[in-house]
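>>> Predicted model and sequence follow; I will ask about them next.
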Amino acid sequence: MNEVDIQQLYNEQIQDDLIRRTREAVSNLIELCPHEFGLENLIPCDASFRSTVPERLAQLYQEVCEYCTEASIPFDHAWHWALVWRQQLSYKTLAERYGRERVVSTSHPRSRKAVAQIYLDGLDQYMQWFPWSWFSSMQFIGAGGFSAVYASVISPPYDLEPTRIALKIVDDKVLNEIAVQSKAFLPLLFQGLTVCESTGDLMMVMKLSNDGNLEDHMKLLPLGDLDLKTITGTILRLAANLADLHKVGMCHRNVHPRNIVCTDSDYFLLDYRFSTPSKESTPVTTYTKAVYGRLPYIAPEVRSGTYTEKSDIFSLGVIIWQLVSKVIFPSPDVLLDGDHGEDNVYRITVVPGIPEWYEKLYVACLEPHPENRPDASEICQALQPIHESLEYSVPLGPKVTEYIVARRAEVADHLRTYAKVKGIVSASTTRLYTLSNLPVVAHFFDLPFTNLRFSAIWPPPTLTTSPAAANALTTTTTSSTTSTTAPAVAAVPTPPPASPSLSEFIATDIATTTTPTPTTIDNSTNNNTTTNSATTPASTNGINLL
């Protein structure tokens, strides 16, 4: 062992010792002041310490910074402070210190079932309890299905700055969503639980998607992301999410652009509340004679009671088509009132000016017979070499732009006309359909279907010579010849009175020392350091998206 190895080993030991000492100090402070962390039922406390919490936190923070300075370790607020706090407050650590049964039994009565589910699904190391007193500035931002979502600001006493997060009201379906994500090792954007003191609602604390969902993205930037490499990267991520889900024998059952969020410049498929085991999806659909979904993303075979993993692929196929057509589908009201005179705005036709391989991909996913559609892993394998061969910032041709403009104008005209005749038209949303009332959508798809399995048509001839052909923007285009209302907006929960921020105590004390100024971090998943991630391992099926 040379001097460099010895020095590296020494530095690692110093780092480990720092983390160990910080964990012990944090645990001691939690036991002294459990009321600050919503753990007073779990840990007997002395109320006399309540007023000294800010000073104690500031003192501990200063000690950690000073120890780093003495050990010649650059202080990292995320690694040496924030992550330690989240680890010590995780359900996993609490169970190790006080026992799982005690943690569950002393939890808020509204949260006990969810906490038990968290332990059952092995999510305890990623999730914690967040007392309602930490939240402020509640704002309703939307509702998907039966669950309302709010934006809020969270101010944990150990963080220097407040963080914007999302809160989602929890029901049994949301607990199913967590279980499905954990089984498939999908990105887990949930961070923990809280209970609204004004409404009694159990809520999940989630990472806030600052960039909105995929449909919002297409609305705001209809022509701004016509970069084929960016588009194929998005498809690969979504196909990888579905492949992970299907690999563990689950169907999503509600794939559409509003269930795809963009965060940290990456897309994630969400809303697994209605996911079921693949082998049970058809029996469930047949037995209930109903489906929860959104038109036209519901596969045609679902109308006869059949739902398989290939039904998810059909939904993905519509999205792949939308990524180049930029068509945002209007409300399905026109399909449900018996007057189908304007339903042509739902048609899915060949988009001119795109490469032949792209057309073949979305057409294959939309094949009428499910067995002819590729599975999610086949999409990944087919698209990966093409994605790697593409260049960034190579826009698609003017024919694509002309198609987008024409279709957008068509939809806008439809909305104006239909609203004038029928009154206010609701936004397109996920609904509960009985199978007998599910509109027939086969005539929307004016595409050159081959009625062949994916392996028989892939790769297209233009790709067999060289993957570089993927960059060609000309295409050998085949000319085509061929209800429940949306949930009411829930009342905005009343946030608790704003608790005094503790950051000024820390900032004031630290300013008098010679230690490096700590940087504030985003108290959410996927922080700047990979070690500060609060997500479950996310598989990408070997996909390189760089």
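Looks like it arrived, so ask away.

>>> Let's test this: mean pLDDT of the strand ranked longest in the chain, rounded?
When the chain is parsed with DSSP state E, its longest strand is strand 135-144. Averaging pLDDT along strand 135-144 gives 78.

>>> C-terminal to it, what's the next element?
For strand 135-144, the succeeding helix or strand toward the C-terminus, using DSSP states H and E, is strand 147-154.

>>> relative orientation of that next one and strand 135-144 in degrees?
Strand 147-154 and strand 135-144 are oriented at 160 degrees to each other (axes from the mean of the first three to the mean of the last three C-alpha atoms, to 10 degrees).

>>> helices or strands up against the following helix or strand past strand 147-154?
Following strand 147-154 in sequence order, the next helix or strand is strand 163-169 (DSSP H and E). In terms of contacts (3 or more C-beta pairs under 8 Å, 6 or more residues apart in numbering; DSSP states H and E), strand 163-169 is packed against strand 135-144, strand 147-154, strand 202-207. Just so you know, the C-beta spots here come from the backbone N, C-alpha and C atoms, and that holds for glycine as well.

>>> so what strands line up beside strand 163-169?
If you go by DSSP bridges, strand 163-169 pairs up with strand 147-154 (antiparallel), strand 202-207 (antiparallel).

>>> Domain boundaries for the protein, per the record?
With domains defined by automatic domain parsing, the chain comprises 3-208+500-532, 279-471.

>>> Need phi/psi at P156.
phi -60, psi 150 (degrees, to the nearest 10).

>>> repeat for N372
Torsion angles at N372 (phi, psi; degrees, to the nearest 10) stand at phi -90, psi -10.

>>> my guess is it meets R453, correct?
Yes. Between N372 and R453 a contact is recorded at 5.3 Å, counting by C-beta atoms under 8 Å.

>>> neighbour count winner among those two?
Using other C-beta atoms under 10 Å as the criterion, N372 and R453 rank with N372 on top: 20 against 15.

>>> For the more buried one, which residues are in contact?
For N372, the contacting residues are A364, T450, N451, L452, R453, F454, by C-beta atoms under 8 Å, 6 or more residues apart in numbering.

>>> Now with 6 Å, please.
N372 makes contacts with R453, as judged by C-beta atoms under 6 Å, 6 or more residues apart in numbering.

>>> can you start the count at 14 instead of 1 from here on
Got it, first residue is 14 now, which makes that one N385.

>>> For it, give its distance to Y416.
Separation of N385 from Y416 (C-beta to C-beta, to the nearest Å) stands at 26 Å.

>>> Could you do E44 as well?
Per C-beta to C-beta, E44 is found 64 Å from Y416.

>>> Pick out whichever of these two has more residues nearby.
Taking neighbours as other C-beta under 10 Å, E44 and Y416 compare with Y416 leading, 21 against 14.

>>> buried ones in the longest helix belonging to the chain?
Ranked by number of residues, the top helix in the chain under DSSP state H is helix 16-45. Across helix 16-45, burial judged by 16 or more other C-beta atoms under 10 Å covers I27, L31, I32, T35, A38, V39, L42, I43, L45.

>>> so the first one sits right up against A84, yeah?
Yes. In terms of C-beta atoms under 6 Å, I27 counts as a neighbour of A84; the distance is 4.8 Å.

>>> What is the neighbour count of G213?
Around G213 there are 11 other residues, counting by other C-beta under 10 Å.

>>> SS state for it?
coil (DSSP: H, G, I helix; E, B strand; the rest coil).

>>> Not counting its neighbours along the chain, what's nearest it?
Using C-beta to C-beta, 6 or more residues apart in numbering and skipping residues adjacent in sequence, the residue nearest G213 is R123, 6.3 Å away.

>>> And that neighbour, how far from I273?
For R123, the distance to I273 equals 30 Å [C-beta to C-beta].

>>> Between the two, tell me which one has more neighbours.
It is I273, of R123 and I273, that has more neighbours when counted by other C-beta under 10 Å, with 23 against 16.

>>> measure the closest residue to that one other than its chain neighbours to F287 for me?
For I273, ignoring the flanking residues on the chain, the nearest one in space by C-beta to C-beta, 6+ apart is L227 at 4.0 Å. Distance of L227 to F287, computed by C-beta to C-beta: 19 Å.

>>> just R271 next, same as before
14 Å.

>>> One more: S402?
37 Å.

>>> Which positions within stretch 91-102 qualify as buried?
The neighbour-count check on stretch 91-102 (16+ other C-beta under 10 Å) flags A91, W92, H93, W94, A95, L96, V97, W98, R99, Q100, Q101, L102 as buried.

>>> re the thing from before, does the residue nearest to G213 belong to a helix or a strand, and which?
If you go by DSSP H and E, R123 is not part of any helix or strand.

>>> is it true that it touches T212?
No. Taking contacts as C-beta under 6 Å, R123 lies outside contact range of T212: 10.3 Å.

>>> before we move on, the earlier item: put together JSON lines for the helices and strands packed on strand 176-182, with distance to A455 and mean neighbour count on each row.
Output for those, formatted as JSON lines (distance: least, C-beta to C-beta, whole Å; neighbours: other C-beta atoms under 10 Å):
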{"stretch": "strand 148-157", "distance to A455": "27", "mean neighbour count": "16"}
{"stretch": "strand 160-167", "distance to A455": "32", "mean neighbour count": "20"}
{"stretch": "strand 215-220", "distance to A455": "38", "mean neighbour count": "24"}
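
>>> Kindly confirm whether my reading is correct that G51 touches F143.
No. Applying C-beta under 6 Å, one finds G51 not in contact with F143, separated by 7.1 Å.

>>> How about P175: what's its closest non-neighbour residue?
Closest to P175 by C-beta to C-beta, 6+ apart is S168, at 4.3 Å.

>>> and the one you found, how many neighbours?
21.

>>> can you tell me which residues contact L255?
D325, A389.

>>> go with 10 Å
L255 makes contact with 197, 199, 263-265, 268, 282, 322, 325-326, 328-329, 388-390, 392-393, 554 under the criterion C-beta atoms under 10 Å, 6 or more residues apart in numbering.

>>> chain center to the helix or strand hosting it: distance?
Following DSSP H and E, the helix or strand that holds L255 is helix 241-260. Computed by C-alpha atoms, centre = their mean, to the nearest Å, the separation of helix 241-260 from the middle of its chain amounts to 13 Å.

>>> helices or strands next to the longest helix of the chain in the packing?
If contacts are counted by 3 or more C-beta pairs under 10 Å, 6 or more residues apart in numbering; DSSP states H and E, helix 16-45 sits against helix 66-83, helix 96-101, helix 104-111.

>>> What lies in contact with the shortest one?
Looking back up the chat, that one is helix 96-101. Here helix 96-101 makes contact (C-beta under 10 Å, 6+ apart) with 31-43, 50, 70, 77, 89-91, 106-107, 110, 138-141, 169-172, 204-205, 534, 536, 540, 542, 544-547.

>>> could you redo the last one with a cut-off of 6 Å?
Under C-beta under 6 Å, 6+ apart, the answer for helix 96-101 is T35, R36, V39, S40, Y171, N545.
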